[in-house]
Every structure is written in structure tokens, then in C-alpha cells.
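Student: quick one: sequence and predicted model below, then my questions.
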Amino acid sequence: MIALQSNKLNRLFKSRPKVTVRPLRTVLPILIALICLAWVLFVTPAIAVPDWSYEGASDPGHWSDLQPEYSLCETGQSQSPINLRSQEDRNDNEVLSMDYHPSPLDEVNNGRTLKVIYAAGNTLTLNDQTYELVQFHFHAPSEHLIENKSSAMELHLVHKNAANQLAVLGVMIEPGAPNPYLEDIWQHMPAVEEENASPLDIDVSSLLPRDLSFYHYQGSLTTPPCSESVHWAVLKQPIQASRQQITTYQSRFHANARPIQGLHDRTIQFSHSLS
Ligand SMILES: [Zn+2]
């Protein structure tokens, strides 16, 4: 009787692990699958898709692979920068004028360029459209070529109108005399990725050359997502900066110029300054 009860108890205890193990065997593969799915969904993209840059696996040749939103960087037919050549097409009737005033200096080092945020109320008029200056920033070397020639740096003044259309004014910077206006900006340049506002006023019109003859063409942002329908006006006459000033910028920001893009069926207008 006792032996019989003991056997019953033994069977009872022996059978228990089978009862508890079976659900675990069923649940474990599901758990592993869920962990793998979470890894693929959340962890892998962070590793596999680096942010865009100017070198390595995320350089300009790979921008379109990084995000579907960047596809125009490869497929666009109106991309920037380009090689600007005055013999392409000539139109002396185009109008370019600026109404710029001093603004408090507000600089952002975003890790790729030095961006200067400009106060409201400063405008550029290109033919029949007026755009408001939002910010300007720098590239080294230049992004555009003028008559096949690169410059040490290029300044981009980014303007936007009420319909969110962009007009960018490009100014080449060549080695020469020290530039006192750039010196003010360089002195407040954030060394790391941060914003640095200063009580100093700057006037961006001091960064324009005397001769405002310009190339005009339809292009794109030169950074992802490479959006098109940007009006580009690039001044032919460069401004100057000392080699020391250029080196100071280059030591803070490594080469940040997108290579030139195909012209395709676009035309380039060249207009002499009216002043
Ligand atoms: Zn730019």
C-alpha cells in the first residue's frame, strides 16, 4: 500500500517536469524570434545606415543608398554643384539685388560646416522673386567650379521665399589679403558641435565682392536629400581670405564639398553686374 502510494508519487513528480518543460520549449523559439525581430527592426538599422558624410562608406557616392529619401542624389537630373561656364548661354537682362543689414552673430558648428544664422528682414531679389536670407555657411574647397577652376572655399547664402522655394547665392573665396569680416566670424567659431551666439553685429554685405556679375541656373541642395528646384546665383568675382584664415577653417572642418554633377539639359545664364 505504502509502496503503491510511493510509486504514484514518483510518477506524479516525474511527470511534473514534462508538464513545465513543454510550454517552455514552445515559447522559447517564439521569444528568440521576437528578440531577433527587435534586433533587425531597431538595432541593425542604427548600425547599417550611417549618417551622410563626405568620406568613407557614407560619402557623396553613397548618399542615395543611405535613405530612400536621398534617391535624388543619384537619380536627379538638376543636381548641384556644377562646372559654371559663361559661354553656355548669356542673358544680360537678369536682375540680382540684395538688401542686407547687420545681424547679431549666431554661429552653429553642426559637425559638417560652420553655419551663421541670420536675423529676419534681409532679402535677395532674383528677377521677379524676393527671398529672405536664413543662414550662410562655408565649404572648403569650393563646390562649384568656374570655368573648370576650383576655389579654396565657397560661401553659400541660403534664402527662402514664402512658398519655401530656395535661392542660394554662392561666393568664391580665394587666398589673398586677410578678411576682417571673416576674422570676426572665425573668432567666435564654436570648436565643437554647439551654437555660439555673440553680442557682436556682422553685416553679410561686407562678404560680397564689388562686381556682382553672376551665373544663374536651376539646381539642388548640395547635401542630402539633394532636393531640386533651387535657384543658384554664383558670383564670378571671388572675395579674399588669408591662407591662415583658410587653414583655420580647414583645420576645424575636413573637406566638405560635393563633387560636381552633370549639367544634362540645363542652361546656365550669365549676367553682367548692372552697377
Ligand atoms: Zn552649401
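Tutor: That came through fine. None of these values were measured; they are calculated from a predicted model.
Student: quick one: the strands in the stretch 51-200 of the chain, in order.
Tutor: Assigned by DSSP state E, counting those that start in this stretch, the stretch 51-200 of the chain shows strands spanning 83-84, 96-99, 103-109, 114-117, 123-126, 129-139, 145-146, 153-160, 166-175, 195-202.
Student: redo these as TSV? Include mean neighbour count, mean pLDDT and distance to Y70.
Tutor: Yep, even glycine has a C-beta here, placed from its N, CA and C like the rest. Output for these, formatted as TSV (neighbours: other C-beta atoms under 10 Å; pLDDT from 0 to 100; distance: least, C-beta to C-beta, whole Å):
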stretch	mean neighbour count	mean pLDDT	distance to Y70
strand 83-84	20	96	23
strand 96-99	15	96	31
strand 103-109	18	95	22
strand 114-117	20	97	20
strand 123-126	19	97	27
strand 129-139	20	98	19
strand 145-146	19	98	23
strand 153-160	23	98	19
strand 166-175	22	98	17
strand 195-202	13	89	26
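Student: can you redo those strands as JSON lines with distance to Y215?
Tutor: As requested, the strands of the stretch 51-200 of the chain are exported to JSON lines (distance: least, C-beta to C-beta, whole Å):
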{"stretch": "strand 83-84", "distance to Y215": "4"}
{"stretch": "strand 96-99", "distance to Y215": "10"}
{"stretch": "strand 103-109", "distance to Y215": "26"}
{"stretch": "strand 114-117", "distance to Y215": "23"}
{"stretch": "strand 123-126", "distance to Y215": "12"}
{"stretch": "strand 129-139", "distance to Y215": "16"}
{"stretch": "strand 145-146", "distance to Y215": "8"}
{"stretch": "strand 153-160", "distance to Y215": "13"}
{"stretch": "strand 166-175", "distance to Y215": "8"}
{"stretch": "strand 195-202", "distance to Y215": "26"}
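Student: wait, which of those is closest to P68?
Tutor: strand 166-175 (21.9 Å; C-beta to C-beta).
Student: pull the CA atoms of that closest one into CSV?
Tutor: The C-alpha coordinates for strand 166-175 follow below in CSV (Å, rounded to 0.1, in the frame of the first residue of the first chain):
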residue,chain,number,x,y,z
LEU,A,166,15.2,78.4,-52.2
ALA,A,167,17.7,80.7,-53.7
VAL,A,168,21.3,80.3,-52.8
LEU,A,169,24.0,82.9,-53.5
GLY,A,170,27.5,81.4,-53.9
VAL,A,171,30.6,83.5,-53.4
MET,A,172,34.1,82.1,-54.1
ILE,A,173,36.9,82.7,-51.6
GLU,A,174,40.5,82.8,-52.8
PRO,A,175,43.8,83.1,-50.9
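Student: pLDDT weak spots in the stretch 151-275 of the chain?
Tutor: 274-275 (pLDDT under 70).
Student: same thing but at 80, please
Tutor: Across the stretch 151-275 of the chain, the ranges flagged by pLDDT under 80 are 273-275.
Student: tell me where it has helices.
Tutor: Counting by DSSP state H, counting those that start in this stretch, the stretch 151-275 of the chain has these helices, from start to end: 180-187, 243-252.
Student: no further questions, thank you.
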